[in-house]
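Enquirer: Dropping the sequence and predicted coords here.
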Amino acid sequence: MSSPSAAYALVEDKRHRQFIYRFLILAGFNRNKITVEVSPSGHGSGKQWVCNNFALQVETCRRRNAKAATCLFVMVDADQLAVTKCVGDLDSALVSANQPRLDPARDPVAKLIPKWSIETWIHYLSSDEATRPSVKEDRPYKNSKSEEQWSELIPEASKTLYMWTKNQSGRPNNLPDSLQHGLGEIPRALSVGR
């Protein structure tokens, strides 16, 4: 799988930024070609900020892609909502901005939507095979560890996600649904290399 020359990410918070940045480095992006925009803290809902900026970033990605291979990763926590509802909200943001819906064959955009929060994915991706089945999407994990503990798990979690993106046969059978959805989105963004 070849990688685009530039990667953009639109995320809710600092933990999202750490996770996606490490993933993009592993995917072969030059550090100088990665831009991660994070919702400003203290300005309301991070999820709403991402939705509000999604259409503009898709338009920018489409425009840049005409000149150089560019991809966009969008990450929002589903929280108590269904992943399909969050996907629908992002799609509605495009419609509201009078933009064409995403074309899976042409738009290098990956929508990553962890159920409850990114901590669910981090917990699952950094766990061993014996512990993974106990990680469930029907409860939040965000407050189960300290900020430092979550930060320490991010490198291993990002590495596992990258490895499972490259090698489907190495994935466990009991993937959380939101992670399965995310793994289906990632190749779309990474397959636009020229």
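Expert: Now that the structure is in, tell me what you want to look at.

Enquirer: So which residue is smack in the middle of this protein?
Expert: The C-alpha lying nearest the average C-alpha coordinate of the chain belongs to residue 112 (C-alpha atoms, centre = their mean; 3.4 Å).

Enquirer: Any figure for the gap between it and residue 50?
Expert: The gap separating residue 112 from residue 50 is 11 Å, by C-beta to C-beta, to the nearest Å. (Each C-beta comes from the backbone N, C-alpha and C, glycine too.)

Enquirer: Could you tell me which residues touch both of those two?
Expert: Residues touching both residue 112 and residue 50 (C-beta atoms under 8 Å, 6 or more residues apart in numbering) are 74, 75.

Enquirer: can you give me the strands in the chain?
Expert: Assigned by DSSP state E, the strands in the chain fall at 6-11, 34-38, 70-75, 109-112.

Enquirer: Redo the ones you listed as CSV? Include distance to residue 127 and mean pLDDT.
Expert: Converted to CSV, these look like this (distance: least, C-beta to C-beta, whole Å; pLDDT from 0 to 100):
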stretch, distance to residue 127, mean pLDDT
strand 6-11, 23, 96
strand 34-38, 25, 96
strand 70-75, 20, 96
strand 109-112, 19, 98
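
Enquirer: Columns distance to residue 159 on top of the ones you listed, output as CSV?
Expert: Below are the strands of the chain laid out as CSV (distance: least, C-beta to C-beta, whole Å):
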stretch, distance to residue 159
strand 6-11, 17
strand 34-38, 17
strand 70-75, 17
strand 109-112, 16
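
Enquirer: Quick one: closest of those strands to residue 56.
Expert: strand 6-11 (9.2 Å; C-beta to C-beta).

Enquirer: Mind listing the strands that closest one pairs with, and their directions?
Expert: Here strand 6-11 is paired, per DSSP bridges, with strand 34-38 (parallel), strand 70-75 (parallel).

Enquirer: now it, how far from the centre of its chain.
Expert: Remark: strand 6-11 is offset 9 Å from the chain centroid, using C-alpha atoms, centre = their mean, to the nearest Å.

Enquirer: neighbouring contacts of it?
Expert: Contacts with strand 6-11, where a contact means C-beta under 8 Å, 6+ apart, come from 16-17, 20-21, 24, 27, 29, 33-39, 46, 50, 53-54, 57, 60-61, 64, 68-76, 189.

Enquirer: What count of nearby residues applies to residue 180?
Expert: Burial of residue 180 is recorded as 12 neighbouring residues (other C-beta atoms under 10 Å).

Enquirer: I meant residue 93, not that one.
Expert: If you count neighbours by other C-beta under 10 Å, residue 93 ends up with 18.

Enquirer: how far away is it from residue 67?
Expert: Residue 93 sits at a distance of 24 Å from residue 67 (criterion: C-beta to C-beta).

Enquirer: what does residue 141 give?
Expert: Distance from residue 141 to residue 67, by C-beta to C-beta: 41 Å.

Enquirer: who has more neighbours, these two?
Expert: Per other C-beta under 10 Å, whichever of residue 141 and residue 67 has more neighbours is residue 141, with 20 against 8.
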